[in-house]
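Asks: Attaching a predicted model along with its sequence, questions to come.
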Amino acid sequence: MLTTEFLSRNQFPEYGAWLNSQDPETIHLYFGCAIGTQAIDTLVEKFSADPKNNRILVAKIDGNWAGTIHIATHDQEVEFGVIVGQQYRQKGIASAMMDQAITWSRNRFYTDLYMHCISWNRPIKILCEKHGLKPRNMMGDSEANLRLRPPNVGTYLKEQINVQRNLLKIIQPPRFITPLDPALASPSGALNFRLTP
């Protein structure tokens, strides 16, 4: 079950710990070079010191972190940094996060979205194209950008539906074990049980 949430400032160290837990290939794809834990910790401290211009959207699968988007803001511009854990790739998680982050950005009147695309990171280029970002070559790498449309009733509604959906997935009613029809007992005489909402 996929849920998403924006981290509060005091949760930013969890973002740093999650980044530091990723395999070297994932880190290399995200940053474009090898980077150590100290550099990641320094970067996260910088984000924590400026929470107004740094947001972290987290996607979780059954409560486990699956991916994140770092949203950096400056004036009317936003820049996204997308990372999905290796075991959660090709499941639509990055696309779901992108959709939510774009809606969030539009609803706050940001006008321009940018993403840096490393030349060998084909999945991020496909993700950008899927969401309408147009790549522009820059010495092998590219920068993808999108002019964001103003918000409308649909974008505000979409954001609220997403918040409600996440709450409903987190707060699920308990499941109870109830006996099945005694006639369906196993050959040993034991009753079979089923989960009911």
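Replies: Yes, it's here.

Asks: number of nearby residues for residue 113?
Replies: Other residues near residue 113 number 24, with proximity taken as other CB atoms under 10 Å. To be clear about C-beta, it is placed using only N, CA and C from the backbone, and glycine gets the same treatment.

Asks: Which neighbouring elements make contact with the longest helix anywhere in the chain?
Replies: Taking DSSP state H as the criterion, the chain has its longest helix at helix 153-170. Applying 3 or more CB pairs under 8 Å, 6 or more residues apart in numbering; DSSP states H and E, we find helix 153-170 packed against strand 2-6, helix 93-107.

Asks: residues of the last one that come out buried?
Replies: Using 16 or more other CB atoms under 10 Å as the burial criterion, the residues of helix 93-107 that qualify are 93-94, 96-107.

Asks: Between those residues, which sits nearest residue 29?
Replies: Within the buried residues of helix 93-107, distances to residue 29 taken as CB to CB reach their minimum at residue 94, with 11.8 Å.

Asks: And the pLDDT for the closest one?
Replies: The per-residue pLDDT reported for residue 94 equals 95.

Asks: Ok, residue 196 next?
Replies: Reported pLDDT for residue 196: 48.

Asks: again, but for residue 135
Replies: The model's pLDDT for residue 135 equals 76.

Asks: residues making contact with stretch 89-100?
Replies: 2, 4, 57, 59, 61, 66-69, 80, 82, 84, 123, 127, 130-131, 159, 162 (CB atoms under 8 Å, 6 or more residues apart in numbering).

Asks: From these, which land in strands?
Replies: 2, 4, 57, 59, 61, 66-69, 80, 82, 84 (DSSP state E).

Asks: Can you tell me which of these has the most neighbours?
Replies: residue 84 (27 neighbours).

Asks: does that residue really touch residue 61, like I thought?
Replies: No - if you go by CB atoms under 8 Å, residue 84 and residue 61 don't touch, sitting 10.4 Å apart.

Asks: Quick check: which ranges of the chain have low pLDDT?
Replies: For the chain, the stretches with pLDDT under 70 are 138-141, 170-197.

Asks: can you count the residues close to residue 154?
Replies: By other CB under 10 Å, neighbour count at residue 154 equals 10.

Asks: next one: the one 4 residues further on
Replies: If you count neighbours by other CB under 10 Å, residue 158 ends up with 18.

Asks: for residue 131, same thing?
Replies: Counted with other CB under 10 Å, residue 131 comes out at 18.

Asks: Please report phi then psi for it.
Replies: Dihedral angles of residue 131 (phi, psi; degrees, to the nearest 10) stand at phi -100, psi 10.

Asks: Look up how far residue 60 lies from it.
Replies: Using CB to CB, to the nearest Å, one obtains 21 Å as the distance from residue 131 to residue 60.

Asks: List the contacts of the nearest residue to residue 84 once chain neighbours are set aside.
Replies: Excluding its sequence neighbours, the residue lying closest to residue 84 (CB to CB, 6 or more residues apart in numbering) is residue 67, at 3.7 Å. Contacts for residue 67 were tallied using CB under 8 Å, 6+ apart; they are 58-59, 82-85, 88, 93-94, 97.
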